[in-house]
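Q: The sequence and its predicted three-dimensional model are supplied below.
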Amino acid sequence: MVEHAQKSRLSRRSVLVAPAAVAGGAVLTGVTMAPDSVAAVRQITLYAEPLAGGLFGYGLAPGEATIPGPLLEIYEGDTLEIELVNNTDQRLSIHPHGVDYDVNSDGSPLNASFNAPGETRTYVWRTRKQVDIGNNRFMPGSAGYWHYHDHAMGNDHGTPGIQKGLYGGLIVRRRADLIPDRQFTVVFNEMLINNKKAPDSPMFEARQGERVEFVCIGHGNLPHTFHLHAHRWADTRTGMLTGANDPSPVIDTKNLDPGSSFGFQVLAGDGVGPGVWMYHCHVQMHSDQGMVGLFLVRNPDGSMPAGAQAAIDRFHQHHVAGPQADHSNHHG
Amino acid sequence: MVEHAQKSRLSRRSVLVAPAAVAGGAVLTGVTMAPDSVAAVRQITLYAEPLAGGLFGYGLAPGEATIPGPLLEIYEGDTLEIELVNNTDQRLSIHPHGVDYDVNSDGSPLNASFNAPGETRTYVWRTRKQVDIGNNRFMPGSAGYWHYHDHAMGNDHGTPGIQKGLYGGLIVRRRADLIPDRQFTVVFNEMLINNKKAPDSPMFEARQGERVEFVCIGHGNLPHTFHLHAHRWADTRTGMLTGANDPSPVIDTKNLDPGSSFGFQVLAGDGVGPGVWMYHCHVQMHSDQGMVGLFLVRNPDGSMPAGAQAAIDRFHQHHVAGPQADHSNHHG
Amino acid sequence: MVEHAQKSRLSRRSVLVAPAAVAGGAVLTGVTMAPDSVAAVRQITLYAEPLAGGLFGYGLAPGEATIPGPLLEIYEGDTLEIELVNNTDQRLSIHPHGVDYDVNSDGSPLNASFNAPGETRTYVWRTRKQVDIGNNRFMPGSAGYWHYHDHAMGNDHGTPGIQKGLYGGLIVRRRADLIPDRQFTVVFNEMLINNKKAPDSPMFEARQGERVEFVCIGHGNLPHTFHLHAHRWADTRTGMLTGANDPSPVIDTKNLDPGSSFGFQVLAGDGVGPGVWMYHCHVQMHSDQGMVGLFLVRNPDGSMPAGAQAAIDRFHQHHVAGPQADHSNHHG
């Protein structure tokens, strides 16, 4: 088509991490990224679909919807055109954080920006680099760990859509940013992680020393604090510091309240060794009720560390799935 | 008076933004600021007064109290003397965040620092620049997006006073800081915004490209997250970055929990166009129950963008004012 | 012993602040620190013990347990070996934030890392400096204001142990960091401060101009915001800024939600004078119900400022201890 003449058709693997890694499966899949050196318009089609248990998800192909949806990733300067196919009988939309969009791509009923049941609609997300306005002032660019979610199902804010799984992570990178070996999306949504609770919560896996990226997103009505055992990060755009005198705090626990997001990169098991490390909400009642999952750091050769299987078994024994747990296999 | 010989009597417009703009009215009022190049003592009189519906407010003249109170603004190094006239039958005070005050200006019953009913009392707020103590260490100065509130009505912490509207924004600027075209104070106070809920919540207005400053304040008992559609800011003192390698996160959602405050400057509609953009608490239950308002970005010539009036109409249709809504006109 | 040949036996005063100052007593005790210039292995023994009222604490000697436990302090690069003696009839552990530990020192039942009733077990915490990986990227080091807590009493997360007092502060310093004159640990744990409520909450003391360090820790199930009257700090690793153009916000109120921690240094009464200053949770219901304490800034010569005793008396009159208050003297 003429309008696509100067656009590059998106290879799924070039902007998206393999869904299995995103959802926390045990498969160790490499990430390949081949960013253009100049700004590009990238296009994807997303399918919003019903899932078992009254849930919903976004997916990159019919029948492949997951909770969270695919981790979308673009470079600062790029534009992402999303053709959203609504394969449900509900009004819904996709609303992003962090990027540029006009009112038609707001994803809100306020701006009549949504998909009617069965409707297909295109949303356009633009990004930009920071702008130097002089005197040590830069208007911020789009780079960051962001997210997207429904903003139209059930009411003006998409509350039922979010509750039922219509959300995902969005990364806008600078071109010089480090590319991780693995990526994990962690969504604290009410008392659940990626709409699951222990022992069905995601178990993320990496080999010791791999560069791992966490994208953390909060949703729902409750305040949460994300804690990862045995790893820490700087409270910066990347999780790293930018110099010997960088003033940023280094943390291992951060508020993850509704609508907020952050991300960071760590080296799996660096300085602490392989093993099974908990990540959990540090609100005690929340962790006690199942807002906890496992980060399995394998040996460098991919084998299981001593004691790791025993820890995983204890995790499953201690967390007996209640009636709210969903054992269906719809998200990897 | 002799004691005022070396003090400059404050022109209201020189330290205060026009209340109409503060309260979010539709009038597009210019802001004029003429800071002295040296530290000055500035003086204002504030009137604490009862408002309709059992509410209270601070104002710059009798009968002009608003919720929030006037946005106070001074330069780092200046002193602000506030003569507080208590035109109510309650004990009350004014307690600032961020600035320097001695125990007599603490505004707390603990330090016997309050106005009895009908009493007039002067509170003195000083500010200072950061102090270089060597080895890349600076003790922080006063510059920041702060706030003030009652600390004496009803109990030791002024809880009833805050609940009923006795609060406002306070900016301490560095002399080189950029001056915005418009300023908006957003106070998340329990389930209300500036003690209103949708559709009566403030509609802020600017023209596309204007430099707009938001001052966000949290009060009450509940955690909140402030989200602004289609705009983002750096999590810094000013909302801008200070260099190409500034490590600060760029965000569009930030916790706004009781007693905390932050502010930022954005260019209205920059990169996204004019239109009606929501700002809201991202705690879903809170937005659903009315913690949402509108940021109307007009065309550069001040005219209404296509579709904007329809969006405003939808907003009013969808949010039917309940019995708690206050339709009186006491805050602009 | 041979295995200790190249280890330096820890003098308690060299890594620990005097417990009386930590717990907020009136005794003005100096802090002495004599860090080695090279990384060292330091060793302490901690005793977990029952306290009056069904509480528990950690202490540096039998019968000396306090709530919070001793403020532990090491230098980046050092290792701390903690021999934990469990003098209770409960399973318990010690789990740190911010430092490096292998699965055996995780302190979690998940990793079978805990003390059975009566058992003694050694936990090893390592620390490291930031690592320059090039291109203005540094993997963060361990320096920060951290904390430790039980992770095994009663359930998988140590929720009952934390609730009953098994927690404390942990500082990892860089060797060039400024050493304070006084240190105070403030733990917001449910509706209590250091498991006390007003008027029994800690009263911290310093002389005007002394460099005071606050270590603030959140625990339990509730969101909190820590506010200190008349003092402010930068939202950085140290509470100070690192240059004239440091972008960090300056604040006087910060979220202190479960599992999070921060710290800062201020000069007591600097620019505001001596007197009695409140610190409190700014969630109004929390402060009203007793989450408030006093920071007594004495005159430079140590004498009481005018009006200070009257303020303290008012504080005690206004806060009548309810049945939950604990008047026993078990924590200084």
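A: Arrived safely, thanks for sending.
Q: Only C-alpha atoms from now on, for both contacts and neighbour counts.
A: OK.
Q: The residue of the stretch 151-300 of chain A found nearest chain C: neighbour count?
A: As assessed by CA to the nearest CA, chain C sits closest to A:P249 within the stretch 151-300 of chain A, at 4.2 Å. Neighbour count for A:P249, taken as other CA atoms under 10 Å in any protein chain shown: 21.
Q: Contact partners for it?
A: A:234-235, C:144, C:235-238 (CA atoms under 8 Å, 6 or more residues apart in numbering or on different chains).
Q: From the geometric centre of chain A, which residue sits farthest away?
A: A:N135 (35.5 Å; CA atoms, centre = their mean).
Q: how far away is A:G275 from C:Y148?
A: Remark: distance between A:G275 and C:Y148 (CA to CA, to the nearest Å) = 21 Å.
Q: Look at those two and report which has more neighbours.
A: Higher neighbour count among A:G275 and C:Y148: A:G275, with 27 against 24, using other CA under 10 Å.
Q: need the residues of the stretch 151-300 of chain A near chain C, please.
A: Contact residues, the stretch 151-300 of chain A versus chain C (CA under 8 Å from any CA of the partner chain): A:223, A:225, A:227, A:229-234, A:240-255, A:271-273, A:275-277, A:282-288.
Q: Give me the below-cutoff pLDDT ranges for the stretch 1-150 of chain A.
A: A:1-38 (pLDDT under 70).
Q: As a check, name the ranges of all helices in it.
A: Along the stretch 1-150 of chain A, the stretches classed as helices by DSSP state H, counting those that start in this stretch are A:12-15, A:19-23.
Q: In the stretch 51-200 of chain A, which residue sits nearest chain C?
A: A:N136 (8.0 Å).
Q: That residue: neighbouring residues, count only.
A: 12.
Q: got a list of what it touches?
A: B:241-243, C:245.
Q: so of the residues of the stretch 151-300 of chain A next to chain C, which ones are in strands?
A: Counted as lying in strands by DSSP state E, out of these, are A:225, A:227, A:233-234, A:250-251, A:253-255, A:275-277.
Q: from those residues, which two are the most distant?
A: Pairwise distances across those peak at 25.4 Å for A:N255 and A:G275 (criterion: CA to CA).
Q: Not counting sequence-adjacent ones, nearest residue to A:E119?
A: Residue nearest to A:E119 in three dimensions, not counting chain neighbours: A:N86, with 5.4 Å by CA to CA, 6 or more residues apart in numbering or on different chains.
Q: can you tell me the residue of chain A closest to chain B?
A: Closest point on chain A to chain B, by CA to the nearest CA, is A:R237, at 4.2 Å.
Q: wait, that residue sits on B:V250?
A: Yes. Using CA atoms under 8 Å, A:R237 is in contact with B:V250, at 7.0 Å.
Q: can you give me the strands in the stretch 51-200 of chain A?
A: A:56-59, A:72-75, A:79-86, A:95-96, A:120-126, A:131-134, A:137-139, A:144-149, A:167-173, A:182-189, A:192-193 (DSSP state E, counting those that start in this stretch).
Q: Against which helices or strands is the first one packed?
A: Meaning strand A:56-59. strand A:41-50 (3 or more CA pairs under 8 Å, 6 or more residues apart in numbering or on different chains; DSSP states H and E).
Q: where does the strand it packs on sit relative to the chain's centre, distance-wise?
A: Per CA atoms, centre = their mean, to the nearest Å, the displacement of strand A:41-50 from the mean C-alpha position of its chain is 15 Å.
Q: For stretch A:301-321, which residues meet the burial criterion?
A: Neighbour-count burial for stretch A:301-321 flags A:304-305, A:308, A:311-312, A:315, A:319, A:321 (criterion: 16 or more other CA atoms under 10 Å in any protein chain shown).
Q: ditto for stretch A:82-101
A: So, applying 16+ other CA under 10 Å, buried residues of stretch A:82-101: A:82-88, A:90-101.
Q: Over to stretch A:254-271 now: how far is its first residue from its last?
A: 21 Å.
Q: now do stretch A:136-147
A: Across stretch A:136-147, first to last residue, CA to CA, it's 29 Å.
Q: just how off-centre is it within its chain?
A: Worked out by CA atoms, centre = their mean, stretch A:136-147 lies 18 Å from the chain centre.
Q: roughly how far apart are the residue of chain A closest to chain B and A:G259?
A: 17 Å.
Q: and the two? which has more neighbours close in?
A: Between A:R237 and A:G259, A:G259 has the larger neighbour count (other CA under 10 Å), namely 28 against 22.
Q: who's in contact with that one?
A: Counting by CA under 8 Å, 6+ apart, A:G259 has contacts A:217-219, B:225, B:227, B:253, B:282-283.
Q: just to revisit the earlier point, can you check the ones in strands among the residues of the stretch 151-300 of chain A next to chain C and name whichever has the most neighbours?
A: A:V276 (29 neighbours).
Q: what about that one, distance to A:I312?
A: Using CA to CA, A:V276 is found at 7 Å from A:I312.
Q: do the same with A:E76
A: Distance from A:E76 to A:I312, by CA to CA: 39 Å.
Q: got it, and A:G273?
A: A:G273 is 17 Å from A:I312, by CA to CA.
Q: Tell me the residues of the stretch 1-150 of chain A that contact chain C?
A: Residues of the stretch 1-150 of chain A lying near chain C (CA under 8 Å from any CA): A:N136.
Q: Can you name the residues of the stretch 1-150 of chain A that neighbour chain B?
A: Residues of the stretch 1-150 of chain A lying near chain B (CA under 8 Å from any CA): A:97-103, A:106, A:110-112, A:130, A:132, A:136-144.
Q: Out of these, which end up buried?
A: Going by neighbour count (16+ other CA under 10 Å), those have A:97-103, A:106, A:110-112, A:130, A:137-144 buried.
Q: For A:D313, grab phi and psi.
A: phi -60, psi -40 (degrees, to the nearest 10).
Q: now the one 3 residues further on
A: Its backbone dihedrals place A:H316 at phi -70, psi -40, with angles given as degrees, to the nearest 10.
Q: just to revisit the earlier point, so which two of the contacts of A:G259 are the farthest from each other?
A: Counting by CA to CA, the most remote pair of the contacts of A:G259 is A:I217 and B:H227, 13.9 Å apart.
Q: Going by the annotation, which residue ranges form each domain of chain A?
A: The record's domain parsing of chain A by automatic domain parsing lists A:12-21+A:31-173, A:182-315.
Q: and the last one, how far apart are its ends?
A: Looking back up the chat, that one is domain A:182-315. Domain A:182-315: ends 23 Å apart by CA to CA.
Q: end to end, how far does stretch A:62-81 reach?
A: Stretch A:62-81: ends 18 Å apart by CA to CA.
Q: you'd agree A:N245 is up against C:G243?
A: No. Using CA under 8 Å, A:N245 is not in contact with C:G243; the gap is 9.5 Å.
Q: More neighbours: which of these two?
A: Counted by other CA under 10 Å, A:N245 and C:G243 do not tie: C:G243 has more neighbours, with 19 against 10.
Q: contacting residues for that one?
A: With CA under 8 Å, 6+ apart, C:G243 has these contacts: B:132, B:136-138.
Q: Look up how far C:R126 lies from A:V85.
A: 51 Å.
Q: ok, the residue nearest the centre of chain A - contacts?
A: Compute the mean C-alpha point of chain A, and by CA atoms, centre = their mean the closest residue is A:G169, 2.9 Å away. Listed by CA under 8 Å, 6+ apart, the contact set of A:G169 reads A:68-72, A:145-148, A:185, A:215-217.
Q: Averaged pLDDT, stretch A:197-214. What do you get?
A: Mean pLDDT, computed over stretch A:197-214, is 98.
Q: Apologies, that question was intended for stretch A:226-241.
A: 98.
Q: Pull up the distance across that stretch, start to finish.
A: 20 Å.
Q: Okay, buried residues for stretch A:196-210 please.
A: In stretch A:196-210, counting by 16+ other CA under 10 Å, buried: A:196-210.
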